[in-house]
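*Asks:* Predicted model, plus sequence, below.
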Amino acid sequence: MNKKILFALPMSVLAIACAQLDTNRTSGCQTVGIPSCPGEAAPPVINLILAAGVTVAPPILCLEAGTEIEVKVVPPTSSTTVATVPKNPANWWMYGLNFPNSGGFTISVPEKLPSGDYDYLVVTGDGKCVDPRIHVN
């Protein structure tokens, strides 16, 4: 099979999902209770658990600008596309997709990012959605 097609198919799914996302229309997403950040920064790992929906652990990741975040899809799946999509499109660095690695991907937080909260969505190809947060100190 042509490798370009294998790359284009998941990207098309992501593009369709992103085109349909509107922050006023995310009422179908599971809302996550966001705790406050602990005193110290957590390890830069987000687990996307695909059992009976989507669970994001931790629901808020607190870190410094310039950090690389490891996003793990648990269990790894080649049958479901999982993507992270920023609620504010200006936060382009939050886009991620578990293709071609079904077990996850990385997100690089820019070096010169202002401190604050950055909300995003985790969406799956089978229609599940949840809204966690990244906090930059």
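*Replies:* Good, I have the coordinates. Residues are numbered from 1 along each chain as shown.

*Asks:* now the nearest residue to E70 once chain neighbours are set aside: how far from A57?
*Replies:* Leaving aside its chain neighbours, E70 sits nearest to V45 (4.9 Å; criterion: Cβ to Cβ, 6 or more residues apart in numbering). In short, each C-beta sits where N, CA and C put it, glycine included. With the distance defined as Cβ to Cβ, to the nearest Å, V45 ends up 9 Å from A57.

*Asks:* Can you report phi and psi for the spatially most central residue of the chain?
*Replies:* When the chain is reduced to its mean C-alpha position, the closest residue under Cα atoms, centre = their mean turns out to be T84, at 2.6 Å. Per-residue torsions, T84: phi -110, psi 140 (degrees, to the nearest 10).

*Asks:* how distant is the longest strand along the chain from the center of its chain?
*Replies:* Counting by DSSP state E, the longest strand found in the chain is strand 116-124. Strand 116-124 sits 6 Å away from the centroid of its parent chain (Cα atoms, centre = their mean, to the nearest Å).

*Asks:* Thank you kindly, that will do.
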